[in-house]
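# this one's structure only:
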């Protein structure tokens, strides 16, 4: 699990990437309004492969995203009754530790990865204007001989935008073959 924090001020927006390095000052040369003052924090957690699609997920050919604003909905949408899902205990703990009165979860899944891609790499998660943005990529080690089963790795991002809710969540999803698409979910389309 990774935890990152970005301070959001009215003058400049800074972004801390997944490696913890300063990526740079945003907003220079664009018309994106700065986010509300406060703190943007997030944590990431891989939850294994093949947990499945949620019913309200916005889905493109390379993967999809969904937003959970209540533990009950996360538990309804994810397949906790599936004995094949090896990371359900990890997902359950991550959901239970979420303070849904101030935080929300972003569920991401990559489709069509190679058979050895069993995790999600989270990059450049930040607030741009009133939208949480980032990139997720299917990653994995070298394939073991004889393992030809395709995987669809998934992850959760626990986020807080200083007590405010974003207008949207928009991620670039990259599958194991390098294909990528933008996936956007406007706040209110789900939860």
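Now that the structure is in, tell me what you want to look at. Keep in mind that what you see is a predicted model, and the values were worked out from it rather than measured.

# in this structure, where is pLDDT below threshold?
1-38, 50-51, 112-115, 141-150, 190-191 (pLDDT under 70).

# mind checking the longest helix of it?
Counting residues, the longest helix found in the chain (DSSP state H) is helix 88-96.

# and the helices in this structure?
With DSSP H as the criterion, the chain has helices at 71-77, 88-96.

# need these in CSV with mean neighbour count and distance to residue 116, can you?
Using the backbone N, CA and C atoms, a C-beta is placed for each residue, glycine as well. What follows is the helices of the chain, written out as CSV (neighbours: other C-beta atoms under 10 Å; distance: least, C-beta to C-beta, whole Å):
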stretch, mean neighbour count, distance to residue 116
helix 71-77, 17, 27
helix 88-96, 17, 20
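
# make CSV out of those helices and add distance to residue 103.
Compiled in CSV, the helices of the chain are given as follows (distance: least, C-beta to C-beta, whole Å):
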stretch, distance to residue 103
helix 71-77, 11
helix 88-96, 11
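
# out of those helices, nearest to residue 41?
Nearest of these to residue 41, taken as C-beta to C-beta: helix 88-96 at 14.5 Å.

# what comes into contact with stretch 57-75?
Applying C-beta atoms under 8 Å, 6 or more residues apart in numbering, the contact partners of stretch 57-75 are 53-54, 56, 77, 92, 95-96, 98, 100, 104-112, 136, 138, 152, 169, 171, 173-175, 179-185, 187, 189-191.

# how distant is the longest helix of the chain from the center of its chain?
Its chain's C-alpha centre and that of helix 88-96 lie 15 Å apart, by C-alpha atoms, centre = their mean, to the nearest Å.
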